[in-house]
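J.: Build the 3D model from these lines:
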Amino acid sequence: MKLFDSGLGINAAGFLRDHWRRVERRQWWLSSSAIAVSLILTSGIVCLLLPSTIPQVSSYAFDTDLAVHALVGIILLFDVYVIFQQVQLFRFRRELAQREELFRLISENAADMIAVVDVDGQRLYNSPSYQKMLGYSQEELGKTSAFDQIHADDRKGVMDAAAEARRTGQGRTVEYRIRHKDGRWLTLESTASVVMNRSGQVEKLVIVNRDITERKQLEEQLYRSQKLEAIGRLSGGVAHDFNNLLGLIIGYAEALQQRIPPEDPYREAVDEIQNAGKRAAALTQQLLAFSRKQVLEPRILSLNTIITDVEKMLRRLIGEDIEMVLMLSPTTGTVKADRSQIEQVVLNLVVNARDAMPGGGKLTIETGRWQLDEATVSRHPYVIPGPYSMLKVTDTGCGMDAELQSHIFEPFFTTKEKGKGTGLGLATAYGVIKQSGGYIWVDSEVDKGTSFRIYLPEVTDAPEVIAEVKSVIAATNERRTILVVEDEPSLLKLTKNTLKGMGHTVFEAGDASEALALSRKTESVIDLLLTDVIMPGMSGKKLADTLLTERPGIGVLYMSGYTDGEIATHGVLDEGTAILRKPFTRDELLRRVEDALMSVAR
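T.: This next block holds a predicted model:
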C-alpha cells in the first residue's frame, strides 16, 4: 500500500481546488444577492405601509403612486433574480449529477477495489468490485474493520504502514494477503492517497487495492524454474567432469582385478574401489538426467505397455500393505521417449509414494489423453498447448506442504532419514520429463496424499517393436587400426592401453587438429575413429565429418558424458549415432568397439 499526498498529481489537484473555489464564490455571490434584494424589497414595503401604520408620519407628503411603482419594480427585480438563481442552481445540480455519475461509473467498473477508511481503519466506502473479488457483500464489509480480513502474519505490517501514512502523509509499498469469503488467500498490492482536513491533519485514506495473486504465482514459478536451471547447469558440468575421473578409477580398478588373484588380501579393497566407482557413476547419470544433458535413445512408446510390463516389479516393490490400482485408459496415445528413462521415472514415483505410506495405503497409477489448452497456458505460460499423453501417480500418504513442494525437484533434497535416500529420484524424473518435451506437476496436501501428473507430447505413430539385443563381444578375432581422440590425457592413456591389450593397433591424439594431422600422414587404413564429443577447438562431430570425407568408410564411435548440440538436440541422439557413455567399464568399451567394427565390416 503506497501512501502519497494525492493520487491526482499536483496539476490536477490544483485545478480541482481552483474549480471548487470558483463554485463556492458563485454560491456566496448568489446568497449575498438574495439577501440584498430581500432587504431592498422589505424596505420598499415598509415605506409604503409606514403612513398607514404610524399616524404621525401621515403629515409628511408621500407620493403613493411613486411608491407603488417602485414596489412593483422591486418585486419584478426579485422575480428576475429568483429565476436567475434557479437557473444557477439547476446548472450546479446538473454538474453535481454529472460528477456523481462519473464517480459511480468509475467505482462500479474499476477492476481494482477502491475503499475509503477513516484514521481508525473503519470502512466509510467500498466499491462494488470488493464483492466481485472477495465475495463479501457491502453489509458484511460494513460490519468489519479494514484489517479484519488481512492475514495475521501481514496485519501488523499494514497497520504500521497506515500509521506511518497518518503521521507523515507519505508511505511505502505494502503487499499483503487477504481472505476471500470462501477461505482462499489472495495477495493484494495497495496504493492510497491521504485526505487531509483544513488544519493539515490526515482525516481519511482512499485506498486502491489490486489483486496480484496470479502475478505472484507466475513470479514464483519463474523463480523456481530459474533456480532449477541454475542447479542443472552446475550439476551437469560437475557430473561431466567427474565422469572422466570415474572412468579412470573404474578402469584402473579393473586392470588391478585382472592382475590380483581372488585369494589375495588386497583383492577385496580393489573390488570395493570398483563398486564405489560404479555407484558414483550411477549418481552422475542421475545428475545428468536432472540437468537434461544425458544421452537419450527415444522410441515410439505406449505408456500403457510400459506400466503393464513393470507392474509385477512394482507390486513386489511396494509390499502387501499398499493396494495398487491401475487405471489405464485404452485411448492413451503414444509418445516419443527413452523407454528405460520413463521406466526409471515410474519407479522413482512409486518408491516415493511407498515411503509416504509407511502404514499402508492406496497407490493409483492412471493413464489417459489430455489436452493442454489456453486455460492451462494462462496458469503455466511456458506450456505449449496441444494433445498430450498423461501419466498420473497418486498416493494416500502424508502429503506435503507448499514449502516442501517448492524444493522436491532439487537434487539432493530429501525428507527421508540419513542413508535412506540420495534426493535424486524426483530430480531425475524432472530432468527426464523436461528433456522429453513434457511437464511434471505435483498436487499435494498435508495428510491428504500426493499426485504427480506427467504430460508427454502425443505422437501419431504406432509403438515400435524393440528387437532383442544380442551381445557381439569378441564377435571377430580380426585386429583393426583405431584412432583414439581424447583431451583428458589419463583417460586417453587408459583407453589406448585397453585396446592395445586386445591386439588392436592404436593411434592416439589429444585433440581434433592433432588427429587430422596424424591421419593425413598415415598411409595405412584406419578402421575406426573413437573420439570424445566435446573438445577444445574442433568438436568430435566436425572431426568425424572431416575424416569421413577424407577416409570414406571409416567407422565412428563417439564417447562422452553427454552430447553437445551438434550431435543431439538437448541431449537426444539422432537416429543411428553410436556413442559410448562415460564413465565406461573395460567390457563396455570392448563391446561397443566390436559393435562399431562389425558395422564397418558389414
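J.: Tell me the secondary structure at Met559.
T.: Under the three-state scheme (DSSP: H, G, I helix; E, B strand; the rest coil), Met559 adopts strand.
J.: got a pLDDT number for it?
T.: On pLDDT, Met559 comes in at 85.
J.: now Tyr455
T.: For Tyr455, pLDDT reads 94.
J.: distance between the host helix or strand of it and the chain's centre?
T.: If you go by DSSP states H and E, Tyr455 is part of strand 449-459. For strand 449-459, the separation from the chain centroid amounts to 17 Å (computed by C-alpha atoms, centre = their mean, to the nearest Å).
J.: Give me the secondary structure label for Leu518.
T.: Under three-state DSSP, Leu518 comes out as helix.
J.: That one: neighbour count?
T.: Using other C-beta atoms under 10 Å, Leu518 has 15 other residues around it. Where you see a C-beta, it was placed from the backbone N, CA and C, and this is true even at glycine.
J.: Arg551 versus that one, what's the distance?
T.: Distance, Leu518 to Arg551, by C-beta to C-beta, to the nearest Å: 12 Å.
J.: can you check Phe90 too?
T.: The value you get for Phe90 to Arg551, if C-beta to C-beta is used, is 102 Å.
J.: Local confidence estimate at the residue lying closest to Phe584 once chain neighbours are set aside?
T.: Of all residues not flanking Phe584 in the chain, Gly247 sits nearest, at 6.4 Å (C-beta to C-beta, 6 or more residues apart in numbering). Note for Gly247: predicted pLDDT of 79.
J.: cool, Asp545 as well?
T.: 89.
J.: Now the residue nearest to Thr505 when sequence neighbours are not counted: phi and psi?
T.: Nearest non-adjacent residue to Thr505, counting by C-beta to C-beta, 6+ apart: Thr481, 4.4 Å away. Torsion angles at Thr481 (phi, psi; degrees, to the nearest 10) stand at phi -110, psi 130.
J.: Check Arg551 too.
T.: According to degrees, to the nearest 10, Arg551 has phi -130, psi 80.
J.: likewise Asp321?
T.: phi -80, psi 0.
J.: shouldn't it be in contact with Gly360?
T.: Yes - counting by C-beta atoms under 8 Å, Asp321 does reach Gly360; the two are 3.6 Å apart.
J.: Comparing the two, which residue is more hemmed in?
T.: Gly360 (14 against 11).
J.: OK, contacts around the more buried one?
T.: Taking C-beta atoms under 8 Å, 6 or more residues apart in numbering, we find Gly360 in contact with 321-322.
J.: coming back round to it: who touches the residue nearest to Thr505 in this structure?
T.: Neighbours of Thr481 in contact, by C-beta under 8 Å, 6+ apart: 504-507, 524-528.
J.: Quick one: buried ones out of these?
T.: Listed as buried from the contacts of Thr481 are 504, 506-507, 526-528; burial here means 16 or more other C-beta atoms under 10 Å.
J.: who touches the strand or helix carrying Thr308?
T.: Per DSSP H and E, Thr308 falls inside helix 303-318. Helix 303-318 is contacted from outside by 324, 326, 328-330, 332, 335, 339, 342-343, 346-347, 350-351, 353-354, 363, 365, 367, 389, 391, 456, 463, using C-beta under 8 Å, 6+ apart.
J.: So which bits of it are buried?
T.: 303-304, 306-307, 310, 314, 318.
J.: and of these, the nearest to Met559?
T.: Ile306 (28.9 Å; C-beta to C-beta).
J.: With Arg279 as the reference, measure out to that closest one.
T.: 26 Å.
J.: Which of the buried ones among the contacts of Thr481 sits closest to Gln98?
T.: Leu528 (89.3 Å).
J.: Grab the nearest non-local neighbour of the closest one.
T.: Gly555 (4.2 Å).
J.: Surely the one you found touches Ala596?
T.: Yes - the pair Gly555 / Ala596 is scored as a contact, 4.8 Å apart, by C-beta under 8 Å.
J.: what residues do the two have in common as contacts?
T.: Leu528.
J.: Strand partners (parallel or antiparallel) of the helix or strand in which Ile207 is found?
T.: For Ile207, the host element (DSSP H and E) is strand 202-211. Next to strand 202-211 in the sheet, as set by DSSP bridges, lie strand 113-118 (antiparallel), strand 185-196 (antiparallel).
J.: among those, which is nearest Gly399?
T.: strand 185-196 (18.7 Å).
J.: Could you tell me which residues within the closest one count as buried?
T.: 186-194.
J.: Where does pLDDT dip in the stretch 201-350 of the chain?
T.: Along the stretch 201-350 of the chain, the parts satisfying pLDDT under 70 run over 221-222, 224-240, 282-283, 285-297.
J.: Going along the chain, name the helices of it.
T.: If DSSP state H, counting those that start in this stretch is used as the criterion, the helices of the stretch 201-350 of the chain fall at 213-259, 267-290, 303-318, 339-355.
J.: Out of those, which gets nearest to Lys542?
T.: helix 213-259 (19.3 Å).
J.: what's near enough to touch Lys143?
T.: Lys143 touches nothing, counting by C-beta under 8 Å, 6+ apart.
J.: out of Phe90 and Arg551, which sits in the busier spot?
T.: Set Phe90 next to Arg551 and count neighbours by other C-beta under 10 Å: Arg551 wins out with 16 against 10.
J.: phi, psi of the nearest residue to that one once chain neighbours are set aside?
T.: Distances taken as C-beta to C-beta, 6+ apart place Ile526 nearest to Arg551, at 6.2 Å, with adjacent residues excluded. Main-chain dihedrals, Ile526, degrees, to the nearest 10: phi -110, psi 120.
J.: and the gap between Ile526 and Val506?
T.: Distance from Ile526 to Val506, by C-beta to C-beta: 10 Å.
J.: residues shared between the contacts of these two?
T.: 481-483.
J.: returning to what we had before: what's the spacing between the residue nearest to Phe584 and Val345?
T.: For Gly247, the distance to Val345 - C-beta to C-beta - is 26 Å.
J.: With neighbour numbers in mind, choose between the two.
T.: Val345 (29 against 25).
J.: what residues are up against the spatially closest residue to the more buried one that is not a sequence neighbour?
T.: Closest residue in space to Val345, ignoring its immediate chain neighbours: Ala429 at 4.4 Å, by C-beta to C-beta, 6+ apart. For Ala429, the contact set (C-beta under 8 Å, 6+ apart) comprises 344-345, 348-349, 409, 440, 452.
J.: ok, which pair from those residues is furthest apart?
T.: Longest span within the contacts of Ala429, C-beta to C-beta: Gln344 and Phe409, 15.1 Å.
J.: Neighbour count for these two, which is higher?
T.: Taking neighbours as other C-beta under 10 Å, Gln344 and Phe409 compare with Phe409 leading, 21 against 18.
J.: Let's see stretch 113-123 as PDB, backbone CA atoms only.
T.: The C-alpha coordinates for stretch 113-123 follow below in PDB (Å, rounded to 0.1, in the frame of the first residue of the first chain):
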ATOM      1  CA  MET A 113     -11.000  -2.400  -5.300                       C
ATOM      2  CA  ILE A 114     -11.500   1.200  -4.000                       C
ATOM      3  CA  ALA A 115     -12.000   1.900  -0.400                       C
ATOM      4  CA  VAL A 116     -12.300   4.900   1.900                       C
ATOM      5  CA  VAL A 117     -11.300   4.400   5.500                       C
ATOM      6  CA  ASP A 118     -11.000   6.800   8.500                       C
ATOM      7  CA  VAL A 119      -8.000   7.100  10.700                       C
ATOM      8  CA  ASP A 120      -9.200   4.200  12.900                       C
ATOM      9  CA  GLY A 121      -9.500   1.800   9.900                       C
ATOM     10  CA  GLN A 122     -13.300   1.900   9.800                       C
ATOM     11  CA  ARG A 123     -14.700   1.500   6.400                       C
END
